[in-house]
Every structure is written in structure tokens, then in C-alpha cells.
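*Asks:* how does the following fold in three dimensions:
(one chain, ligands or ions: 1)
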Amino acid sequence: MRQTLVLNASFEPLSTVTSRRAVVLVLQDKAVVEQAHPRLRVRASAVDLPLPRVIRLCRYVRVPFRRQAPWSRRGVLVRDRHRCAYCGRRATTVDHVVPRSHGGGDTWLNTVASCAEDNHRKADRTPEQAGMRLLRAPFIPSPADVLLLGLGAAEGAELPPGLRERELPAA
Ligand SMILES: [Zn+2]
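*Replies:* You can find the predicted model right below:
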């Protein structure tokens, strides 16, 4: 998937997001396009803009100087884009990979987004015990990642219907 560089309002590079998220941030007036792809545009009913390569946030955000973003349930859902780690469908709950009753903690590496059904099915077992497989490994997001996700470029940031990239014919 195409990546877009995100600059802070002060022009310092913060992180990268997928181009789709970059478009959402621009459409929500949270960022402006600093540099666009010369030949790719994104189009939908009421939208037609060049695919952003670099965007800059309209408001300066302070990135806390810390090695790790603080864990939170909401953060786990946002990190996993509200997709169930077991089936890929919409997730509304957070599952402890190693259950708390087995000593598993509230940490980034031990928690994943999960649909209510899979969370219930897995119950008080490890994925191995439950015969369930993680579609992807949990990871520790950087503070900048969490910050950008928190800006609304993740869950609920619906793209206009029919939005898609289109390559312009070579000039
Ligand atoms: Zn599921």
C-alpha cells in the first residue's frame, strides 16, 4: 500500500500513514497537501485530488518524548484498525492473547482487537489452546503512530463512497 509522509505543522517529519488515511486527514481539514503524486489522483463523487505524497498537519501536535505509547484498550482497537486479529471482521473488544488468568498483562504485545464472537469463543485460553490463529502479530506502536491514529484518520474516518486511485495518462 502507498505511504504518505506526515509532517507536523512545524514541518518536522512525524510518521507515515497510508495514502488513504492521508486523504482522510486532508478531507477532514486536519492536514494540507505539501507534495502530491504527479500522476495519481484520488476520485470519488465530490472529491478529486492528487494523491498526497507528503501532507502537513494544520495544527502543531506535541509528540510526547517517551519510548513507548501508553497502553489503552482504545489504543489497541485503533492500532488494529478495529479489525479482529482472528477473523478480520470488525472488532469491538480487546482480547488478551495470554489470558489475564494465565498471567497475561495489559500490554501492547499481549493484546489484540477482537470481534465479540471470537473473544467469547477463545474465552480463558491461549490461541493454541483454543485452536485459533492470530492473523498478525501484535506490535508496539510508536507515540507518533498513536497520535496520528488518534487524530481520526483511523476508525470512523469513512472515505467518500467510490473513492479510488486513478492514474492519469502520461503527459
Ligand atoms: Zn473475529
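*Asks:* can you report phi and psi for the residue nearest to residue 4 when sequence neighbours are not counted?
*Replies:* Residue nearest to residue 4 in three dimensions, not counting chain neighbours: residue 22, with 3.6 Å by C-beta to C-beta, 6 or more residues apart in numbering. Just so you know, the C-beta spots here come from the backbone N, C-alpha and C atoms, and that holds for glycine as well. Here is the backbone geometry of residue 22 (degrees, to the nearest 10): phi -60, psi -40.
*Asks:* likewise the one 4 residues further on?
*Replies:* Backbone torsions of residue 26, given as degrees, to the nearest 10, read phi -70, psi -40.
*Asks:* adjacent strands (with direction) for the top strand by length along the chain?
*Replies:* Determined from DSSP state E, the single longest strand within the chain is strand 31-44. Applying DSSP bridges, strand 31-44 is found paired with strand 47-57 (antiparallel), strand 164-167 (antiparallel).
*Asks:* looking at this protein, which helix or strand is least sure?
*Replies:* Every helix and strand in the chain was compared by mean pLDDT, DSSP states H and E; the lowest is strand 164-167, with a mean of 60.
*Asks:* OK, contacts around the closest residue to residue 123 other than its chain neighbours?
*Replies:* Nearest residue to residue 123, sequence neighbours excluded (C-beta to C-beta, 6+ apart): residue 130, at 7.2 Å. Contacts for residue 130 (C-beta atoms under 8 Å, 6 or more residues apart in numbering) come out as 121-123.
*Asks:* quick one on the thing from earlier: among the strands paired with strand 31-44, show me which one is buried the most.
*Replies:* Mean neighbour count, computed with mean count of other C-beta atoms under 10 Å, is highest for strand 47-57 among those, reaching a mean of 18.
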